[in-house]
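Chemist: Just a sequence and a predicted model for now, questions to come.
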Amino acid sequence: MRKAVIRELPPMDYAATEALNTICTNLVFAGRDLKKIIFTSCIQSEGKSFMTIRIAQNMARRGRSVCLVDADMRRSFLVKRYGMEVEGQLTGLAHYLAGQCDLDDAVYETNLYGACVIPAGRDVSNPMALIDSPYFSAMLDELADAFDVVIVDAPPVGMVIDAAVMAKDCDGCVFVVEYNRTRRRDLASARRQMEQSGCKVLGSIINKVSFDTISAKKYYHKGYYKQYTHGYERYERKPEKDEK
């Protein structure tokens, strides 16, 4: 298996890391039959691709074999935004579905602690002919047999139909929603569209939330932060003035 290195993945702070741990724990307890999970959004630039990479990394760190499929062949960010470099000539999902390479040639082992990835391969202006074919469904089934979890990073369902077509071959769907940007009615419409494909909607991830808007922010006070990061068996925080 060829190697791929993702060099420009932005770091995460403590609160974001804990939130990601919660998301991955919920996915683990969603059921053993949920192996092929598709991630989509309503509109572009809601942070979907960043979230799928981090979830793949987190799941792999838990000892699960994970394959991330970059299925946004219209506007992939994996290579351009996150600086992915591969051994040899890049081949990916578009090449495989077009019959230009074998599946083994499209799967790369990454530097993200055991997670593998299938890059989009190349930009395709109209990928529907490639997606809506028996090859895509067969590919996901083959990956589900080889990996514990298959994560599909799909285009925004509120903008193109690609995600809804892919969803019929997946076990569950998760929406990535940017806080205070996506309208509720648009999210409801996107959910109905995914449900019509027969794919179970598992829930939504509220992304790009300002730390000051988190209601439990006092839980992440630096006193408690110190307890988690430095491993103290017990740490008592003195009450603040507004808590007396």
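Modeler: That came through, no problem. Numbering: from 1, shown residues only.
Chemist: Spatially central residue in this structure, please.
Modeler: In the chain, the C-alpha closest to the average C-alpha coordinate belongs to T52, at a distance of 1.6 Å (Cα atoms, centre = their mean).
Chemist: which SS class is that one?
Modeler: T52 falls in the helix class when you classify it by DSSP: H, G, I helix; E, B strand; the rest coil.
Chemist: What of L20?
Modeler: Secondary structure state of L20, per three-state DSSP, is helix.
Chemist: wait, doesn't it sit right on N58?
Modeler: Yes. At 5.7 Å, L20 and N58 qualify as touching, with contact defined as Cβ atoms under 8 Å. C-beta: built from backbone N, CA, C; applies to glycine.
Chemist: and the gap between the residue nearest to the centre of the chain and R7?
Modeler: Note on T52: its distance to R7, by Cβ to Cβ, to the nearest Å, is 17 Å.
Chemist: Likewise for A56?
Modeler: Distance from A56 to R7, by Cβ to Cβ: 16 Å.
Chemist: neighbour count winner among those two?
Modeler: Each of A56 and R7 had its neighbours counted (other Cβ atoms under 10 Å), and the higher figure belongs to A56 (27 against 9).
Chemist: need the contact list for the more buried one.
Modeler: If you count contacts by Cβ atoms under 8 Å, 6 or more residues apart in numbering, A56 has them with 66-68, 112, 115, 117, 149, 151.
Chemist: Can I get these in JSON lines including distance to Y96, pLDDT and secondary structure?
Modeler: Converted to JSON lines, the contacts of A56 look like this (distance: Cβ to Cβ, whole Å; pLDDT from 0 to 100; DSSP: H, G, I helix; E, B strand; the rest coil):
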{"residue": "V66", "distance to Y96": "19", "pLDDT": "96", "secondary structure": "strand"}
{"residue": "C67", "distance to Y96": "13", "pLDDT": "97", "secondary structure": "strand"}
{"residue": "L68", "distance to Y96": "15", "pLDDT": "97", "secondary structure": "strand"}
{"residue": "L112", "distance to Y96": "21", "pLDDT": "89", "secondary structure": "coil"}
{"residue": "A115", "distance to Y96": "19", "pLDDT": "95", "secondary structure": "coil"}
{"residue": "V117", "distance to Y96": "13", "pLDDT": "96", "secondary structure": "strand"}
{"residue": "V149", "distance to Y96": "20", "pLDDT": "96", "secondary structure": "strand"}
{"residue": "I151", "distance to Y96": "17", "pLDDT": "97", "secondary structure": "strand"}
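Chemist: Going by distance to A16, which of the residues you listed wins?
Modeler: Within these, distances to A16 taken as Cβ to Cβ reach their minimum at L112, with 16.5 Å.
Chemist: so what's the spatially closest residue to the residue nearest to the centre of the chain that is not a sequence neighbour bridging to?
Modeler: Once its chain neighbours are removed from consideration, T52 has its nearest residue in D153; the separation is 4.4 Å (Cβ to Cβ, 6 or more residues apart in numbering). Beta-bridge partners of D153, counted by DSSP bridges, are F39, D70.
Chemist: just checking, V79 touches Y108?
Modeler: No. Distance between V79 and Y108: 11.3 Å, which falls outside the contact criterion (Cβ under 8 Å).
Chemist: Looking at those two now, which is surrounded by more residues?
Modeler: Between V79 and Y108, counted using other Cβ under 10 Å, Y108 has the larger neighbour count: 24 against 19.
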